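Colleague: With the input below, show me the fold.
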Amino acid sequence: MNSDEKEDCECAPPQAETSPAGGPDREYEEPEIENPEASRMKRAAAKHLIERYYHQLTEGCGNETCSNSWCASSVGFNRMDNNAAAVKALELYKVNAKLCDPHPSKKGTASAYLESSARSNSACLNRKMNHKDVHSARDNFKDVNYLTEEKVYEILDICGEKEDYSPLIRVLGRVFSSAEGLVESFRRSKPHTKEELKSLQGKDEDKDEDEKEAAACSATAMEDDSPASSSSSSRLGEGSSEKNDVQKLAPDEVSVDIEAVRRVYERLLSNEKIEAAFLNALVYLSPNVECDLTYHNVYSRDPNYLNLFVIVMENSNLHSPEYLEIALPQFCKAMSKLPLPAQAKLARLWAHYSAEQIRRMVETFQQLITYKVISNEFNSRNLVNDDDAVVASTKCLKIVYYANVLGGEIDMEHNEEEDEEPIPESSELTLQELLGEERRNKKGPRVDPVETELGIRTNDCRRPLIPFEEFVNEPLNEVLEMDKDYTFFKVETENKFSFMTCPFILNAVTKNLGLYYDNRIRMYSERRITVLYSLVQGQQLNPYLRLKVRRDHIIDDALVRLEMIAMENPADLKKQLYVEFEGEQGVDEGGVSKEFFQLVVEEIFNPDIGMFTYDERTKMFWFNPSSLENEGQYTLIGIVLGLAIYNNCILDVHFPMVVYRKLMGKKGTFRDLADANPVLHQSLKELMEYEGSVEEDMMITFQISETDLYGNPLMYDLRENGDKIPVTNENRKEFVAQYAEYMLNKSVEKQFKAFRRGFHMVTNESPLKYLFRPEEIELLICGSRNLDFLALEETTEYDGGYNRDSRIIKEFWETLHSFGEDQKRLFLQFTTGTDRAPVGGLGKLKMIIAKNGPDTDRLPTSHTCFNVLLLPEYNDVEKLRERLLKAITYAKGFGML
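Modeller: Model prediction:
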């Protein structure tokens, strides 16, 4: 074989020089300033040596008499798995351990990573074709450093004719393992004509190729070019700046021809051997890309660098098992290093993708997260937050999440105006500064930097491309240590990642736990500040928000007290709530507060009071626009709702979803009427769809009427002189929008602003708006409406001598399951203090049934603070049923047993 032929057949980089001792010759010299090129070459050489150690540990050198204890061919060598071998290879490299030379018998195997594989591959080719064919085929493509759709098809056709796909595999390996080559590939040009597209798509499908030869070449295709690709990728942006045309592109465009990339993948991925070339190339590409983004700021020099990520993410096989072990985790780590503008540009680009394409990318990252979670044992000592692959894929998933938001139905116009008057600061502020306790979050609630870069909020999205629920990863939620994660969230250190910064991946139960920690820590902080304040001022202050109320005057007592606190010192609202009913002996460990909120809500939402109207059809409450109550009353109601969230209590309130959207800063629109007033929504929808003449047939104007508290009609002009402006086919869209604006916003503007102000007095420093969407806020306040008592039975614990198999326990559950829906709610109210299930359902409720003595005529009792049911051991099921029904039916008030 002549020298040219030998060069063409080589599939591995040159072997490193070896010392006489058999190990690689690596001298450690004094550190000196090296140029970037020399540094890159050293990295490539080190990488190659580590790979040789790895294959020595996994395959051996082929010499059956080898005496190297760290060679798989030596006698007595203990085999190890791939992960252990990778770690050991790095250790051997560090200590300059002995490295075996490949034995002549080691041919045609995965030892193609060694230089001897060049000769063995050459022998394989000689059996398939003569030297002249090899030379001509390889010589035609060895200078191809980037690809176009036409070039791929050209090489594919030539390889198909010769039934040898190794040249194509080699080219794919070289280009897809080089950042510079991949960035320059598949650039957009003038659009293809229909004839050209037909010609490209009509090419013959790939023919069968020699499996053995293709496998060997796909494994070695990238090795030959790894030093060059390492250095060239780092130089990216220097030589290619002249070709940089990204300034001419829109914010949501890239210079790569995405449709061409998809067609190429569709043609090539059907061939398993060619697919292996993409896999191996990605393994080599990712570390160099990560280095470029981390240390060389390559994106700022050449924004076309983003093409690389666009091309790789079009690979529809990324979620397959072969990628999950090494290739995809490394690529996610590289992608997570993208600067904020690059992430935003990717999100804008992907926002134009279809729902199925977005779902494919979501499934790719979700599958990697799930694979890593179930293949590791994460706990309080081995945190999932420390797993680089899980963290990196979550960061990548965030980009797809915002693409999903941008690509959906967006409403960025209808935003609630901010409160004109800022929420008054606590009188403790000066003292806090003196004590070094700066008030938290002075700059307002946390905002995701990607949201800021994109100029959009999650709440602006009325309907995403795919449901938000598809971004939740349940296995991750199960292993996440929320107390640790919350600490990382508050500290905001660079070396510790918090999944609370990516709330889309967390379910409502996990986020509620994070909010609980935030609320409790805030309570303890306020308590500590109060103690310090009393030391400085020399007067005794109450570390709790203490409310003493009369059961018969609960509204007057509670709201007057809360109004005084809101005016004098709003910071007291963030203390732990402690309720005491006058004349009752109950000690508030949570249960008394639950009943307090239940009674307050029943009174406030009583239609006879007139603060809210009740719709019998929807079973929903709405603000009464003609209420006689002042704004302060609505402010106090907002405080009550905020206190319920802050103290982890569930309320039996029934608001349409638009109320929670408005609390999150979005105004109500026509589509919100479907939930708030379905009859009006249907009428306006029919008006919009009416095919006849609206003006002549319906004879309506821009003046509408409603009734006040006493049933008197009130007229309102949607436009000036609205009674003189007819609604026509041309202006009916405006009429519908103005009608909805009046009903949901203008008519209740004063009442709702006061209500929102009270709510924010308690929650303004909370991560509530950052973590939760409007529908989750409703779940947080109202709990789950689905009462699954079978799930409650599964999670209930027993004490005092009872267990799951006790006779009385079996009879108890049979009795409870036979109750009607109303009786079940009464039992829940009796045992827990509320008739609603917590976030996540009854399965998340930790109820305890404890033995309360032998058979007796006494009724069952409960500790609602701790969800404990005290149940005597009744002799028969009839007595159990009668005693239990009486207890839950007449359960009012608190007393000492």
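Colleague: tell me which residues in the helix or strand where K345 lies are buried?
Modeller: Assigning secondary structure by DSSP states H and E places K345 in helix 340-350. Neighbour-count burial for helix 340-350 flags A342, Q343, A344, K345, L346, A347, R348, L349, W350 (criterion: 16 or more other CB atoms under 10 Å). Glycine gets a C-beta too; all of them are placed from N, C-alpha and C.
Colleague: Stretch 562-573 now?
Modeller: For stretch 562-573, by 16+ other CB under 10 Å, it's L562, E563, I565, A566, N569, P570, A571, D572, L573.
Colleague: Now do the strands in the stretch 601-750 of the chain.
Modeller: For the stretch 601-750 of the chain, the strands defined by DSSP state E, counting those that start in this stretch cover 612-615, 620-623, 703-707, 713-717.
Colleague: Between strand 703-707 and the last one, find me the angle.
Modeller: When axes from the mean of the first three to the mean of the last three CA atoms, to 10 degrees is applied, the directions of strand 713-717 and strand 703-707 differ by 150 degrees.
Colleague: Can you name every helix or strand that strand 713-717 contacts?
Modeller: strand 703-707 (3 or more CB pairs under 8 Å, 6 or more residues apart in numbering; DSSP states H and E).
Colleague: what does the second one give?
Modeller: Counting contacts by 3+ CB pairs under 8 Å, 6+ apart, strand 620-623 packs against strand 612-615, helix 673-676, helix 749-763.
Colleague: what's the spacing between it and its chain's center?
Modeller: 33 Å (CA atoms, centre = their mean, to the nearest Å).
Colleague: Kindly report the same for stretch 558-570.
Modeller: The answer for stretch 558-570 is 38 Å, by CA atoms, centre = their mean.
Colleague: And for stretch 650-664?
Modeller: 24 Å.
Colleague: Show residues contacting it.
Modeller: Contacting residues not belonging to stretch 650-664 are listed as 416, 459, 594, 597-598, 601-602, 605, 618-622, 641, 644, 668, 672, 675-676, 744, 752, 756, 759, 769, 773-775, 777-778, 781-783, 834-836, 838 [CB atoms under 8 Å, 6 or more residues apart in numbering].
Colleague: Quick one: mean pLDDT for it?
Modeller: In this model, stretch 650-664 carries a mean pLDDT of 89.
Colleague: Next: stretch 53-73.
Modeller: 82.
Colleague: same deal with stretch 830-848?
Modeller: 83.
Colleague: And it, end to end?
Modeller: In stretch 830-848, first residue to last residue: 13 Å (CA to CA, to the nearest Å).
Colleague: What are the buried residues along that stretch?
Modeller: Buried residues in stretch 830-848 (16+ other CB under 10 Å): 830-845, 847-848.
Colleague: Any idea how far apart the tips of stretch 161-169 sit?
Modeller: Terminal-residue distance, stretch 161-169 (CA to CA): 15 Å.
Colleague: Repeat that for stretch 301-316.
Modeller: Start-to-end, stretch 301-316 (CA to CA) is 30 Å.
Colleague: Check stretch 721-741 too.
Modeller: 18 Å.
Colleague: Check stretch 863-875 too.
Modeller: Start-to-end span of stretch 863-875 (CA to CA) is 23 Å.
Colleague: can you give me the strands in this structure?
Modeller: 409-410, 461-463, 545-549, 577-581, 612-615, 620-623, 703-707, 713-717, 797-799, 848-851, 861-863, 868-871 (DSSP state E).
Colleague: Adding distance to S73, write the ones you listed out as CSV.
Modeller: Listed next are the strands of the chain as CSV, based on distance: least, CB to CB, whole Å:
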stretch, distance to S73
strand 409-410, 63
strand 461-463, 60
strand 545-549, 74
strand 577-581, 72
strand 612-615, 81
strand 620-623, 76
strand 703-707, 89
strand 713-717, 91
strand 797-799, 58
strand 848-851, 63
strand 861-863, 70
strand 868-871, 67
